[in-house]
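**Student:** Everything below, folded, please.
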Amino acid sequence: MIALLLANADGPTQNLSIFDPASPPAESIRQLSVLVLAITAFIFIAVEGILIYSIVRFRRRGATATGEPPQVYGSKPIEIAWTAAPALVVFVLVLVSARTLWEVNVPPPQPRERDNTLFATVVGRQWWWEYTYDHYNGRALGFTTANELHVPVSEEGIPRPVFLTLKSADVCHSFWVPRLAGKTDLIPGRINSMWFQTDRTGLYLGQCAEYCGTQHANMLLRVYVDTPDKFEHWLELQQKDRWPDKDDPRLRDERVRAGEKAFLAQSCINCHAVRGTPAKGTYAPDLTHLMSRRTLASGMIPNDPDDRPLDDLKGSKLLEWVADPQPIKPGCLMPSFGLGDRKRGDIVRYLLTLR
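**Tutor:** Predicted coordinates for the structure are as follows:
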């Protein structure tokens, strides 16, 4: 937990420190944390100071010391002090905690046209994240993606808040991107919510913060805050069944066509979905725009570049994952199908066209 509070990654937007907020809810949490740290630090210094003073003042002084020092019993001022002081501290902490909860737990509004608000549903699964984009700027969206959340940046005078509905498909999870908002649990059978907005573009990292099984530590979060134009372009592409369309010259490649047939013939389609094809599974990540994602396995390994040559799969992370995901993410629910090298390579070539 300390590492999550203080660790820094390779870029200014990729650190995990709660003391570098980029959103109003995160700023409220930072202010509360600083106040609590200041109060507890004062108490620690006062108690330790009295302890050290007592040790030095009343230490045994060799053979000349006889008996105990004078004992004080039933001091009314001391009794009042150690009752009133903690009560006052608790009262202050209750007030500031209630204020912070009021600022952080904002109920989601109703979608309205041209209000620049994004509504999305997050479903926590072992061990990945499913995102369904519901509404943005009053428009119904209704598409699903996985593991990488894209949101629009706020601008001066144009806030673009993000409201997330949080659900769990299996066990307890917790959605936590420290620089954007506090951790909020995803509980089976219960619907929670959270919100944030930020005026800084970039990548924000997070983590499932509730133990959910063997791969809990590798259930990572990646939130991309895009400029409005870039976000609108991303939405346009994600809403299509598949991009590019079937006129994409790569889809005329013989190995790609063979890979599509092999993919649709396997039990892959029982778990995964590729919109516009018979693959309509809902149990595993939607693969419609797989190559628009920068990572695989919920942020664990980098994805292949979307323009990777189809005739050269050497060093392909996607190929490694399809071949056998267990060495990469032990215990994950995707099995190794034991495919031959040619069929496996053809399937990967097909997946590389899902942009």
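
**Student:** From here on, just use CA atoms for contacts and neighbour counts.
**Tutor:** Will do.

**Student:** Quick check: E27 vs P86, distance?
**Tutor:** In this view, E27 and P86 are 27 Å apart by Cα to Cα, to the nearest Å.

**Student:** More neighbours: which of the two?
**Tutor:** Neighbour count, other Cα atoms under 10 Å: between E27 and P86, E27 has more, with 21 against 12.

**Student:** tell me the contacts of that one?
**Tutor:** Residues in contact with E27 (Cα atoms under 8 Å, 6 or more residues apart in numbering) are P21.

**Student:** quick one: buried residues of the helix or strand containing it?
**Tutor:** In this assignment (DSSP states H and E), E27 forms part of helix 24-57. Neighbour counts over helix 24-57 (16 or more other Cα atoms under 10 Å) mark 24-32, 36 as buried.

**Student:** can I get those residues in TSV with distance to L118?
**Tutor:** Shown next, in TSV, are the buried residues of helix 24-57 (distance: Cα to Cα, whole Å):
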residue	distance to L118
P24	16
P25	16
A26	18
E27	20
S28	21
I29	22
R30	24
Q31	26
L32	27
V36	33
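
**Student:** of those, closest to E155?
**Tutor:** Nearest to E155 out of these is P24 (Cα to Cα; 13.9 Å).

**Student:** hang on, the closest one packs against W195?
**Tutor:** No - between P24 and W195 there is no contact, the gap being 9.4 Å when judged by Cα atoms under 8 Å.

**Student:** shared neighbours of the two, anything?
**Tutor:** Here P24 and W195 share the contacting residues A181, scored by Cα under 8 Å, 6+ apart.

**Student:** thinking again about what came up before, just give me how far the helix holding E27 sits from the chain centre.
**Tutor:** Centroid separation for helix 24-57 versus its chain: 30 Å, with Cα atoms, centre = their mean, to the nearest Å.

**Student:** Show the average pLDDT along it.
**Tutor:** On average, the pLDDT along helix 24-57 is 93.

**Student:** now do stretch 240-258
**Tutor:** 75.

**Student:** and what of stretch 340-353?
**Tutor:** Regarding stretch 340-353, the rounded mean pLDDT is 89.

**Student:** still on that earlier bit, spatially, which two of the buried residues of helix 24-57 are the most separated?
**Tutor:** P24 and V36 (18.5 Å).

**Student:** Which parts of this structure are helices?
**Tutor:** For the chain, applying DSSP state H gives helices covering 2-6, 24-57, 76-104, 228-239, 254-265, 317-323, 341-351.

**Student:** Ok, which of those comes nearest C271?
**Tutor:** Once the helices of the chain are compared by Cα to Cα, helix 254-265 is nearest, at 11.4 Å.

**Student:** Mind listing what's buried along the closest one?
**Tutor:** So helix 254-265, judged by 16+ other Cα under 10 Å, has buried residues 255-260, 262-264.

**Student:** cool, and stretch 144-155?
**Tutor:** 144-154.
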